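J.: from the sequence below, what's the structure:
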Amino acid sequence: MLNNIGLPGLLLIAVVVLVLFGRGKISSLMGEVGKGITAFKKGVKEETAEIEKTTADAARDVTPAAADKDKV
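T.: As a prediction, this is how the structure comes out:
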């Protein structure tokens, strides 16, 4: 259904949206979309850092020291 839109159809849709909503409303909407994308990227980055920290803690060396080996 949407396979046949093409460039002229997209331009027509863009013009209709611009006329209906106005430039100010569209720019504020795009600003909010940008803030949302930034917040999403920040959340993903923080979660990745937390996972890496947890993995590093689990993978630390827990072998006994040389002095402890003699006691066994």
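J.: packing partners of the longest helix that the chain contains?
T.: Longest helix in the chain, counting residues (DSSP state H): helix 23-58. Of the remaining helices and strands, those touching helix 23-58 by 3 or more CB pairs under 8 Å, 6 or more residues apart in numbering; DSSP states H and E are helix 6-21. (C-beta placed from N, C-alpha, C; glycine too.)
J.: what residue ranges in this structure score low on pLDDT?
T.: For the chain, the stretches flagged by pLDDT under 70 are 1-2, 57-72.
J.: how about 90 then?
T.: The model of the chain has pLDDT under 90 over residues 1-6, 14, 17-18, 21-27, 29, 48-72.
J.: centroid residue for this structure?
T.: Centroid-nearest residue in the chain: residue 41, 3.1 Å away (criterion: CA atoms, centre = their mean).
J.: residues contacting that residue?
T.: Taking CB atoms under 8 Å, 6 or more residues apart in numbering as the definition of contact, residue 41 has no neighbours.
J.: report how many residues lie close to residue 39.
T.: Residue 39 has 10 neighbours, counted by other CB atoms under 10 Å.
J.: ok, now which ones touch it?
T.: Residue 39 touches nothing, counting by CB under 8 Å, 6+ apart.
J.: what is the burial count for residue 43?
T.: For residue 43, the neighbour count with other CB under 10 Å is 10.
J.: ok, now residue 12?
T.: Residue 12 - counted by other CB under 10 Å - has 12 other residues nearby.
J.: residues near residue 26, how many?
T.: 14.
J.: the nearest residue to it once chain neighbours are set aside and residue 56, how far apart?
T.: In space, and not counting its chain neighbours, residue 26 is closest to residue 18: 6.7 Å by CB to CB, 6 or more residues apart in numbering. Per CB to CB, to the nearest Å, residue 18 is found 51 Å from residue 56.
J.: which one's more surrounded, the two?
T.: residue 18 (12 against 9).
J.: from residue 29, how far out is that one?
T.: Note on residue 18: its distance to residue 29, by CB to CB, is 12 Å.
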